[in-house]
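Student: Below is the sequence, then the predicted model.
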Amino acid sequence: MKVNSRKALSRLSLRSLRASKKQNIITILAIMLTTVLFTTLFTVFFSFRSTLQLQQCKELGNRSYACVYNADEDIADKLRGVPDVENVGRTIAIGGTDDRQSVAWMDATCAEMSFSTLESGRLPEAADEVAVSRAYLTSIGGGDIGSEITIDYKVSGLASSCEISETFTICGISGNDSHCILVSEEYASDVLNAIGEDPLVFSSVVFDLKAPSEMRAFSVAEEIGVNGDSVVVNPAYASESDPLGAEGYAAIVVLMLLIFFTGFLIIYNIFQITVANKVRDYGLLKTIGVTSRQIRKIVRKQSLILCLIGIPIGLIAGYLIGVSMLPMVLAQTIYKNMEIVSGFNILVFIGAAVISLITVFVSSSIPGRKASKVSPIEALRYNEVKVSLRKKKKVDAGIRSMAMANLGRNKVRTALVVLSISLAMVLFDTLCIFVDNMDMNSYIQSTAPSMDFIVSTPEFFTGDHNEFLTASEIDEIASHIDSDHCGCAYSTLGDMTFVNADIDHPALVVGVDGGLLDEVNVVEGDIYPMYEEGSNDIVVTEASGLNVGDKVTITFAETFNYKDPATGTVYETPYDVPENVDFNNIEYIVVGTDREYTVCAVMDQYPTSYAPNYAFVGNSVELIMTAEQIADITDDNYEVMCYCADAVSSEAADKAEAYLQELCENDPGRYEYSSLETVRKEFEQFTGAVKYIGGFLSAIVGLIAVLNFINAIFTGILSRKRELALLKAVGMTGKQLKRMLMTEGLFYALMSVIFSMPFAALINLLFLKLDFFWSSATAHITVVPILLLLPVLALIGALIPYVIYGKVKGKSIVEDLRTNE
Amino acid sequence: MTILRAEGLKKTYGKGDSKVNALRGVNLEVNKGEFVAIVGTSGSGKSTLLHMLGGLDRPTEGKVFIDDKDIFKLKDEALTILRRRKIGFVFQSFNLVPVLNVMENILLPQELDGAKIDKEHIDNIISMLGIKEQLHKLPTQLSGGQQQRVAIARALAGRPSVILADEPTGNLDSKTSQDVMSLFRVTADRFNQTIVMITHNTEIAQTADRIIRIEDGLIVNR
Ligand SMILES: Nc1ncnc2c1ncn2[C@@H]1O[C@H](COP(=O)(O)OP(=O)(O)OP(=O)(O)O)[C@@H](O)[C@H]1O
Ligand SMILES: [Mg+2]
């Protein structure tokens, strides 16, 4: 029974759709563009997310979804038997080296998950074999398969820990992303057994899920009889550490709303115009007994059919655009050299399709409701052409006022078209403001370092400071840069320093070679004492609160002791603290090397060339000491932060640039540099991305606006065909008629321009607050782009009605008069 | 047996100065199987009355009973369904759905109802109305008389107990009007349907069982 009525409804929906082909094309285009915007947005954001996740995995050293601790081959086998589990791998972690390499046995799957796939050789089998990464080999001074290396590392067991120094033969070399020193399974168990530890405690099994979900990870464990406590989901995938963060999702929501609004503007307008023009048809259907609900169903069916065509095309186009945009977006982040995950994710498609569908349904449901409320009487009031042809002395004035009256006839339609065009213009104006005000010089001034070249590991530039250049690498680099003003900056990073051994008063220490001291911008005092050998003078920042002549004691922390303030007892390790003492009350005591220095000068801030890319919060002291001093206080436990150099001539600079560029391109995981050239490139990349993404956005929104406009004009003419014919019949010439229609178009253009200018100005003002890219002195707001668009808009406004009327009008007045639509 | 009954029907359009009292208290009873003609000058309120009788529009005051059921107590949705099942409408023009062909137009109300289609009955109507050749044409490809016949076929197809027609022959020449009218009568008689028809044509009115004259929104007795 139901089936029958559905068939009749479908037929009605399809037939009446087919009757208005041109309008359908416009609707489909509108749906398609909306879908393109959604898909692009999702593709960019979620690829961005996967890319960041991968980066996080690289930092953590593992990319598998979850890990089961205390698990052996038996559990691995059980996991392999679960259908939605894949990439099951095993490892035994035994320790780590001082330079943050972990020492472990891994099977091939686990090695792959740990970014340690071998580039040459094979995984260790014999107890004296080892596989290491190329980067590690470089950092210890080279080596190859077959050569012997000695590895010093630390095993931290449950009961005991010990330092081990072992000589191995290299049997395999892995890529630069690896931070693992791989040994054989036999060796790993032997070492643990030797120090009295159970190897099982150090064994774990890693695995992936086909459809990642934290809940599933735990339920899988339950299925194979493993305690949920020993299962850990990789923090990179954990929901709380989502790399997009709250701001990222907020941005998505804002953009989604913007897109939704844009889509709504046109789709709603199209449907409401259609419904307004078909009131009679709906009325007729009602007299025959079509219920309100069935009419709503008809409208919904029609929009669904149009979606079936528009959305798939939009999905594909949006995905392609999104993928092409991703590298530009990534280039704006600190993760420049990341491996891009193109993020082909079925969820992106499903999500974009669903959201587009919702947009279409929401936009069409209001007009659909209106259609369903049409009174059946409407169908019978058919001769409703009211023409008021008041005679005016000046024909032109008459035409103009008639055009105005026509726009006023359907105020919602006119408002939506004007709003749609304005939205595009405001977007375009904002983009122009951005591009116009963006000033390379102020960008360079605010971001470029004061020296020609800064070379370090990529970690320095991202603020991580986990990897450092070695002395031999610096020598090699320095030999290629012809410079008489150069040197290294050093840091104690990884080890903490404090003022007066006060745990709440950290110090950020940068040591520099004498050649770099002149970079310091002294605001008070004199830096010359620091050039003398054996000087005990330092420079501090203004923010430190110290003055010239002050004496300050800096402590280089070696370890911490724990003092119970109640008894005054000092414990050496946290384990020594008795259980009945509340650990929250324990005071930390810094134990280390103390040195007293004199403040000889105060600087405004660290020189841009070697400023560390991170800072302590709170009452820290930022200071610069000499290389000699940092070596002394740390007992040679300091690292090279970066190498800075000014070239002697422009030819030397060009040569150095070329050398550094090649160096970093060849090994982007190890080296990175910064120069005027790279800053300029960054700037260009950024403006390029803004132009591309902004251009894309305003182009699509603009296209939607034009579509909206075409649709309004087209349906306006179509629905008035009879009326227009009547006007002609009573004596309006074709020329006058066209002029009237073109005047209508021009009014649209004019109204949009007037409407969008204050908005554009407002948004401009907000944007200028981002004075990072421009100096506030030269930045200015402008609505000139909108004014420049006026003639274009006017042309479109006049041309479209002209063309459409020519197409729509029939062969004769009689024919037009007889059309009942 | 009364099938259609109107009690104190009033309809007012507009407000204030432009207020029009289209109906000013109409009482009417129509028996099952009766053929009633409504006549009156233009603007007297004939169409308004017909619309009220068929539940197309709600009266300002008064009630309409179909089969002793107060139809304006129904919600819009239910009223529409009642209309679909009990009443067939024929209007002067704008009767057919332009995108559906003749056959589809005829079957539409029943398909919407999800009702079982009585093929024999439909074939009967079609051959009686002589539109067999036109079944697959679109309304725009038909002449006015043919269109009107299709509309009548649609009105009869669902075997409604009441047929309401507003100048069904207004657009037709006298010969075709005669043809359409006799078809109307014959089929209605055969299926024992009640017909209420507005007409300006005295000849046609004469063939009715009863003539009701409306002047200025009120039924006047002859
Ligand atoms: N929707 C409406 N709004 C305002 N006034 C209306 C409306 N419909 C009808 N009227 C008025 O109600 C009165 C009765 O109209 P109605 O259509 O019933 O007349 P009629 O008898 O059918 O005339 P005709 O023979 O010309 O069709 C007329 O004065 C008409 O102007
Ligand atoms: Mg009438």
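Tutor: The structure has been received and is ready for your questions. Ligands and ions are numbered 1, 2, ... in the order given.

Student: Which residue ranges of chain B form helices?
Tutor: B:46-53, B:76-86, B:102-113, B:119-129, B:144-157, B:174-190, B:202-206 (DSSP state H).

Student: These: which one's closest to A:Leu123?
Tutor: A:Leu123 lies closest to helix B:102-113 among the helices of chain B, at 71.7 Å (Cβ to Cβ). Bear in mind the C-beta positions are built from the backbone N, C-alpha and C, glycine included.

Student: Packing partners of that closest one?
Tutor: helix A:2-18, helix A:279-288, helix B:76-86, helix B:119-129, helix B:144-157 (3 or more Cβ pairs under 8 Å, 6 or more residues apart in numbering or on different chains; DSSP states H and E).

Student: Need the residues that contact that helix.
Tutor: When contacts are defined by Cβ atoms under 8 Å, 6 or more residues apart in numbering or on different chains, helix B:102-113 is touched by residues A:4-5, A:7-9, A:11-12, A:288-291, A:294, B:81, B:84-85, B:96-97, B:100, B:117, B:122, B:125-126, B:131, B:134-139, B:142, B:150, B:153-154, B:157-158.

Student: PyMOL command for the buried members of these?
Tutor: Buried members of the contacts of helix B:102-113, defined by 16 or more other Cβ atoms under 10 Å in any protein chain shown, are picked up in PyMOL with:
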select buried, (chain A and resi 4+5+8+9+12+288+289+290+291+294) or (chain B and resi 81+84+85+96+97+100+122+125+126+131+134+138+139+142+150+153+154+157+158)
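
Student: what sits up against the lowest-mean-pLDDT helix or strand in chain B?
Tutor: Using mean pLDDT, DSSP states H and E, the weakest-scoring helix or strand in chain B turns out to be helix B:174-190, at a mean of 78. Residues from elsewhere that reach helix B:174-190 (Cβ under 8 Å, 6+ apart): B:35, B:125, B:128-129, B:145, B:148-149, B:152, B:156, B:163, B:165, B:168-169, B:172, B:193-195, B:201, B:204, B:207.

Student: Whichever of those count as buried, I'd like them selected in PyMOL; how would that read?
Tutor: Restricted to buried positions by 16+ other Cβ under 10 Å, the PyMOL selection for the contacts of helix B:174-190 reads:
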select buried, chain B and resi 35+125+128+129+145+148+149+152+156+163+165+168+169+172+193+194+195+201+204
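
Student: Residue of chain A closest to chain B, please.
Tutor: Relative to chain B, the nearest point of chain A is A:Gly289 (2.7 Å; Cβ to the nearest Cβ).

Student: quick one: the strands in the stretch 551-700 of chain A?
Tutor: Under the criterion DSSP state E, counting those that start in this stretch, the stretch 551-700 of chain A carries strands at the ranges A:551-563, A:570-571, A:587-603, A:621-626, A:639-647, A:672-675.

Student: Residues of chain B that sit close to ligand 1?
Tutor: Proximity of chain B to ligand 1, by Cβ under 6 Å from any ligand atom, involves residues B:Tyr13, B:Gly14, B:Val20, B:Ala22, B:Gly40, B:Ser42, B:Gly43, B:Ser44, B:Gly45, B:Lys46, B:Ser47, B:Thr48.

Student: Going through these, which ones are buried?
Tutor: Judged by 16+ other Cβ under 10 Å, buried ones among the residues of chain B next to ligand 1: B:Ala22, B:Gly40, B:Ser44, B:Gly45, B:Lys46, B:Ser47, B:Thr48.

Student: Reformat those residues as CSV; add pLDDT.
Tutor: Shown next, in CSV, are these (pLDDT from 0 to 100):
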residue, pLDDT
B:Ala22, 90
B:Gly40, 91
B:Ser44, 92
B:Gly45, 90
B:Lys46, 91
B:Ser47, 88
B:Thr48, 89
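
Student: What does the pLDDT read for A:Gly511?
Tutor: Reading off the confidence values, A:Gly511 has pLDDT 90.

Student: Same question for the one 10 residues further on.
Tutor: Taken from the predicted model, the pLDDT recorded for A:Asn521 is 88.

Student: Next, work out how far apart A:Ser133 and ligand 1 are.
Tutor: Look at A:Ser133 and ligand 1: by Cβ to the nearest ligand atom, to the nearest Å, they are 86 Å apart.

Student: Next, give phi and psi for that residue.
Tutor: phi -90, psi 160 (degrees, to the nearest 10).

Student: in the sheet, who's paired with it?
Tutor: A:Ser174 (DSSP bridges).

Student: circling back to that earlier point, how about a markdown table for the helices and strands packed on helix B:102-113, with mean pLDDT and distance to A:Met440 added?
Tutor: Converted to a markdown table, the helices and strands packed on helix B:102-113 look like this (pLDDT from 0 to 100; distance: least, Cβ to Cβ, whole Å):
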| stretch | mean pLDDT | distance to A:Met440 |
| --- | --- | --- |
| helix A:2-18 | 73 | 53 |
| helix A:279-288 | 81 | 59 |
| helix B:76-86 | 83 | 67 |
| helix B:119-129 | 86 | 80 |
| helix B:144-157 | 84 | 74 |
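
Student: Next up, the contacts around A:Leu228.
Tutor: In this structure residue A:228 is Gly, not Leu. Residues in contact with A:Gly228, defined by Cβ under 8 Å, 6+ apart, are A:Phe218, A:Ala221, A:Glu222.

Student: and it, what pLDDT?
Tutor: So, for A:Gly228, pLDDT stands at 79.

Student: quick one: it and A:Glu222, what's the gap?
Tutor: Computed with Cβ to Cβ, to the nearest Å, the distance linking A:Gly228 and A:Glu222 is 7 Å.

Student: Same question for B:Gln146.
Tutor: Distance of B:Gln146 to A:Glu222, computed by Cβ to Cβ: 75 Å.

Student: Comparing these two, which residue is more hemmed in?
Tutor: Neighbours were counted for B:Gln146 and for A:Glu222 using other Cβ atoms under 10 Å in any protein chain shown; B:Gln146 has more, 19 against 11.

Student: which non-adjacent residue is nearest the more buried one?
Tutor: Nearest non-adjacent residue to B:Gln146, counting by Cβ to Cβ, 6 or more residues apart in numbering or on different chains: B:Gln134, 5.9 Å away.

Student: B:Thr2 reaches B:Glu29, doesn't it?
Tutor: Yes. The pair B:Thr2 / B:Glu29 is scored as a contact, 5.0 Å apart, by Cβ atoms under 8 Å.

Student: where in chain B is pLDDT low?
Tutor: Low-confidence segments of chain B (pLDDT under 70): B:93-95, B:222.

Student: residue contacts, the residue positioned nearest the centre of it?
Tutor: Taking Cα atoms, centre = their mean as the criterion, B:Leu164 is the residue nearest the geometric centre of chain B, at 1.8 Å. By Cβ under 8 Å, 6+ apart, the contact list for B:Leu164 reads B:Leu50, B:Leu53, B:Gly54, B:Ile87, B:Gly88, B:Phe89, B:Val90, B:Val196, B:Met197.

Student: Show me what it is bridged to.
Tutor: Beta-bridge partners of B:Leu164, counted by DSSP bridges, are B:Phe89, B:Val196.

Student: And A:Thr555, how close does it get to A:Leu546?
Tutor: Taken as Cβ to Cβ, the span from A:Thr555 to A:Leu546 is 16 Å.

Student: ok, these two, which is more surrounded?
Tutor: Taking neighbours as other Cβ under 10 Å, A:Thr555 and A:Leu546 compare with A:Thr555 leading, 22 against 19.
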